[in-house]
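Enquirer: Okay, structure incoming, though there's no sequence with it:
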């Protein structure tokens, strides 16, 4: 099962007693702040959860899997996630 933005809004509504509209505004605002920081190349650290980092990837040689044709992939920026030790331990404890 996948946790969706709607699920998060519903949980915030239930736990904090906000209206659904207010909960949605809060979640959207938090996500917009995170997106803006990542766009600016800044890392996003959420204590106890993890860190979202922007990394630069150089241009590289690639291959079209459908045709086998060689091509050059442009340089780009990607977002990576590194979980905190707390999150990693909680996930592993639930699997054990």
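Expert: Received, thanks. Small disclaimer: the values here were computed from a predicted structure and weren't measured.
Enquirer: tell me the domain ranges of this protein?
Expert: According to automatic domain parsing, the chain comprises the domains 1-41, 43-96.
Enquirer: Lowest mean pLDDT across those domains, which one is that?
Expert: Mean pLDDT is lowest for domain 43-96 among the domains of the chain, at a mean of 92.
Enquirer: rewinding a little: single out the most deeply packed of the domains of the chain.
Expert: Among the domains of the chain, ranked by average contacts under mean count of other Cβ atoms under 10 Å, first place goes to domain 1-41 (a mean of 12). All C-beta spots, glycine's among them, are computed from the backbone N, C-alpha and C.
Enquirer: Show me what the helix ranked longest in the chain is in contact with.
Expert: Ordering each helix of the chain by length in residues (DSSP state H) puts helix 20-39 first. Residues outside helix 20-39 that contact it (Cβ atoms under 8 Å, 6 or more residues apart in numbering) are 5, 8-10, 12-13, 16, 18, 43-44, 52, 54, 79.
Enquirer: run the last query once more with 7 Å
Expert: The set of residues external to helix 20-39 that reach it, using Cβ atoms under 7 Å, 6 or more residues apart in numbering, is 5, 8-9, 12-13, 44, 52, 54, 79.
Enquirer: just checking, what packs against the helix or strand containing residue 72?
Expert: Under the criterion of DSSP states H and E, residue 72 resides in strand 70-73. Judged by 3 or more Cβ pairs under 7 Å, 6 or more residues apart in numbering; DSSP states H and E, strand 70-73 is in contact with strand 60-63.
Enquirer: Quickly run through the sheet partners of the strand it packs on, with directions.
Expert: strand 70-73 (antiparallel) (DSSP bridges).
Enquirer: any idea how far the partner strand is from the chain center?
Expert: Strand 70-73 sits 27 Å away from the centroid of its parent chain (Cα atoms, centre = their mean, to the nearest Å).
Enquirer: who's in contact with residue 12?
Expert: 18, 23, 26-27.
Enquirer: same thing but 10 Å
Expert: Listed by Cβ atoms under 10 Å, 6 or more residues apart in numbering, the contact set of residue 12 reads 18, 20, 22-24, 26-27.
Enquirer: Residue 51 too?
Expert: The neighbourhood of residue 51, defined by Cβ under 10 Å, 6+ apart, consists of 43-45, 80-84.
Enquirer: Thanks again, I'm all set now.
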